[in-house]
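> pasting the sequence and the predicted model now:
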Amino acid sequence: MTSPTHCCAAMAAAIADPTVPVHFVPKFREYGIQVLDGGTSFHELHFCPWCGTRLPSSLRDKWFDDLERAGIDPTEIESIPDKYSDHRWYSES
């Protein structure tokens, strides 16, 4: 399994650094800046702050649509197949 690549080395480094509040959610393909209030909220990024590249669109709605189409209730975490926990569900053909 290969991990998603990011638009530039600076973005990849920021995501890998736990002291930088830039966040990547692989299962939704979302980039954002964390809200530092102790929760999981973040402000979605549409462009890379370092190189200016337009970031890919979020797949959050498609994730929920795919689960619904498969008859899987997204509120029942234990019933969601492993591949939906990261990028595999949209990377696999």
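Structure's in. What do you need? Since the structure is predicted, the reported quantities are computational estimates derived from the model, not experimental observations.

> and stretch 17-26, average pLDDT?
For stretch 17-26, mean pLDDT rounds to 95.

> buried sites along that stretch?
Residues 22-26 are the ones in stretch 17-26 that count as buried (16 or more other CB atoms under 10 Å). Where you see a C-beta, it was placed from the backbone N, CA and C, and this is true even at glycine.

> in the protein, which spans are helices?
Using DSSP state H, the helices found in the chain span residues 9-16, 60-69, 88-91.

> give me the number of residues near the closest residue in space to Lys62 that isn't next to it in sequence?
Once flanking residues are discounted, Lys62 sits nearest to Tyr90: 7.4 Å by CB to CB, 6 or more residues apart in numbering. Other residues near Tyr90 number 18, with proximity taken as other CB atoms under 10 Å.

> mind checking how far Tyr90 is from Gly32?
Counting by CB to CB, to the nearest Å, the gap from Tyr90 to Gly32 is 18 Å.

> now distance to Thr40 too, for the helices of the chain, in TSV please.
Output for the helices of the chain, formatted as TSV (distance: least, CB to CB, whole Å):
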stretch	distance to Thr40
helix 9-16	15
helix 60-69	14
helix 88-91	20
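
> which of the buried residues of stretch 17-26 fall in strands?
22-25 (DSSP state E).

> what residues of the helix or strand of the chain with the lowest mean pLDDT count as buried?
The weakest-scoring helix or strand in the chain, judged by mean pLDDT, DSSP states H and E, is helix 88-91 (a mean of 92). For helix 88-91, a neighbour-count test (16+ other CB under 10 Å) marks 89-90 as buried.
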